[in-house]
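Student: Quick one, structure for this:
(2 chains)
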Amino acid sequence: MELSESVQKGLQSLADATFFDMKTFSVLIEVAFRSLLSAHADRSVLDQPEFKRLDQKLLKHCHTAATTCILEGVKQNADKSTISACLEDVSFDAERTEVFYTTYQKYKSDLETLLSSLGRCPPHINDVSWRLEYCIKNGHVHKVNEPSYLISLNVEPILLQNANNGGSSEDVHFSCTMEQLQDLVGKMKDAAKSLEKATQL
Amino acid sequence: MLLVLSDEHKEHLGFLPEVDSAVVGEFGRIAVEFLRKGTNPKIYEGAARKLSVDAETVQHGVEGLMYLLTESSKLMISEVDFQDSVLVLGFTEDLNQLLLQLYLENRKEIRHILGELTPSLPHYHNLEWRLDVQLASRALRQQVKPTVTMKLHLEESGGDKSAKVLQTDPATLMHLIQELEKALAELKTTHCRRILRNIK
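Tutor: Numbering: from 1, shown residues only, chains lettered A, B, ... in the order given. Sure thing, here's the model as predicted:
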């Protein structure tokens, strides 16, 4: 795992018992993990009573270092030996490494879900609405007498974890006859069938 | 249902009995062509010279025919009603038959052309799909995330085509299929069948 100098310095301070005793260290590690998972950036995340005595600049630096290290680990699916090796390099003792790794295991899968939802993709379909109508006549042609479907695909432009993206849904609307809808559903079923086959490989 | 022709319309069509039935046939062909592709004033002048009449008279005659055809097609009037409506113009039996033939042969196409004028949404044309598995992204390596990418082809009533690239996940795809199958099943219910049968 490659970590920048600044992150390494932050971690070294975390390892240092003169700055962080075991209790404070454990609290900071827990806070670091949880702050990554909370939906909104919380300004008071570092307002724990255990942190009152600490130099605030140091505290922020160590929090940032910890969260960066955590994200790097989750991103690369780091195992115990990778993490232990990395923390050893920044002078973590066995006890602190153990605390870090236990918390890492606890939150890893939630963090993975969070990270996997980041990124850009083509507009993502969430849902579909339909309407069946029978057209009797219109201004230009009388006696139309044909049924037709109106389909709306509910689409989200960019997939982001935080819902504050102000994402306007760009729904896709179109009409189709029964035959066209059968064609559409047939093709979707083909896709689903090949999905099923692929999962059996 | 009878077609009611205004006096002005009858006047314009009044030009037709004065020429050969071959010429009327030709005017009929021109009228349908104009409905398909738009009018071309030069044709009026050419015809006017050949027949030694005003270009305006020719224009009125052709336009009268066009209006007769579009109104009849729009209302989808029956053969009998058409003949009765045309009777009022006082044409010869041959001319009436000619007009009737013109109407019957072209009404389906004319209705289709008129249909393009109605407001409508783009309609479905085709769907292409592709199965992908996301292996990694900038934020997370070592993923196995199946996705289905689809290209939906739509067509406007004027012929403009568009294609949208969309994506979905396997669970949503199954949900979409289920919902749309419900929609298809709806047409086969008694309620819908009754309506479709009775409103004709």
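
Student: how about the residue positioned nearest the centre of chain A, secondary structure?
Tutor: By Cα atoms, centre = their mean, chain A has its centre lying nearest to A:Leu114, at 2.0 Å. For A:Leu114, the assignment made with DSSP: H, G, I helix; E, B strand; the rest coil gives helix.

Student: What residue, apart from its backbone neighbours, is nearest B:Asp132 spatially?
Tutor: B:Thr147 (5.0 Å; Cβ to Cβ, 6 or more residues apart in numbering or on different chains). Backbone N, C-alpha and C define where each C-beta goes, glycine included.

Student: ok, now A:Lys143?
Tutor: Spatial nearest neighbour of A:Lys143, excluding adjacent residues (Cβ to Cβ, 6+ apart): B:Met76 at 4.5 Å.

Student: how much space between that neighbour and B:Leu114?
Tutor: 11 Å (Cβ to Cβ, to the nearest Å).

Student: list the contacts for residue 74?
Tutor: Here I'm looking at chain A. A:Lys108, A:Leu111, A:Glu112, A:Leu115, B:Leu140 (Cβ atoms under 8 Å, 6 or more residues apart in numbering or on different chains).

Student: could you do chain B instead?
Tutor: A:His140, A:Val141, A:His142, B:Arg111, B:Leu114.

Student: in which helix or strand would I find it?
Tutor: Remark: B:Lys74 resides in helix B:55-75, with elements defined by DSSP states H and E.

Student: what's downstream of that helix, the next helix or strand?
Tutor: Assigned by DSSP H and E, the successor of helix B:55-75 is helix B:79-87.

Student: by contact count, what packs against that next one?
Tutor: helix B:55-75, helix B:93-115 (3 or more Cβ pairs under 8 Å, 6 or more residues apart in numbering or on different chains; DSSP states H and E).

Student: picking that back up, derive a ChimeraX selection command for the buried subset of the contacts of B:Lys74.
Tutor: Of the contacts of B:Lys74, the buried ones go into a single ChimeraX selection, burial set by 16 or more other Cβ atoms under 10 Å in any protein chain shown:
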select /A:140,141,142 /B:111,114
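
Student: As CSV, the contacts of B:Lys74 with distance to B:Leu69 would be great.
Tutor: What follows is the contacts of B:Lys74, written out as CSV (distance: Cβ to Cβ, whole Å):
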residue, distance to B:Leu69
A:His140, 14
A:Val141, 13
A:His142, 15
B:Arg111, 10
B:Leu114, 10
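
Student: from the contacts of B:Lys74, which single one is nearest B:Gly38?
Tutor: B:Leu114 (14.5 Å; Cβ to Cβ).

Student: Contact partners for the closest one?
Tutor: B:Leu114 touches A:His140, A:Val141, B:Thr70, B:Ser73, B:Lys74, counting by Cβ under 8 Å, 6+ apart.

Student: Could you pull out the strands in chain B for me?
Tutor: Applying DSSP state E to chain B gives strands spanning B:123-134, B:145-155, B:161-168.

Student: what's the most buried one of those strands?
Tutor: Across the strands of chain B, averaging neighbours per residue (mean count of other Cβ atoms under 10 Å in any protein chain shown) puts strand B:145-155 on top, at a mean of 18.

Student: same for that strand, what does it pack against?
Tutor: Checking 3+ Cβ pairs under 8 Å, 6+ apart, strand B:145-155 ends up next to strand A:172-176, helix A:178-199, strand B:123-134, strand B:161-168, helix B:170-186.

Student: any chance of the ones you listed in a markdown table, with distance to B:His153 and mean pLDDT too?
Tutor: Output for the helices and strands packed on strand B:145-155, formatted as a markdown table (distance: least, Cβ to Cβ, whole Å; pLDDT from 0 to 100):
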| stretch | distance to B:His153 | mean pLDDT |
| --- | --- | --- |
| strand A:172-176 | 10 | 94 |
| helix A:178-199 | 11 | 94 |
| strand B:123-134 | 4 | 94 |
| strand B:161-168 | 5 | 93 |
| helix B:170-186 | 17 | 95 |
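
Student: I'd like these laid out as CSV, including distance to A:Ser6.
Tutor: What follows is the helices and strands packed on strand B:145-155, written out as CSV (distance: least, Cβ to Cβ, whole Å):
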stretch, distance to A:Ser6
strand A:172-176, 46
helix A:178-199, 44
strand B:123-134, 31
strand B:161-168, 37
helix B:170-186, 41
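
Student: who wins for proximity to A:Ser81 among these?
Tutor: Taking Cβ to Cβ, strand B:123-134 is the member of the helices and strands packed on strand B:145-155 nearest to A:Ser81, at 27.0 Å.

Student: name the helices or strands packed onto the closest one?
Tutor: Using 3+ Cβ pairs under 8 Å, 6+ apart, strand B:123-134 sits against strand A:172-176, helix A:178-199, strand B:145-155.

Student: List of residues touching that strand?
Tutor: With Cβ under 8 Å, 6+ apart as the criterion, strand B:123-134 contacts A:151, A:174-177, A:180-181, A:183-184, A:187-188, A:190-191, A:194-195, A:198, B:143-155, B:157, B:161.

Student: same deal with stretch A:11-19?
Tutor: A:3, A:20, A:25, A:28, A:54, A:58, A:61-62, A:65-66, A:69, A:87, A:90-93, A:96.
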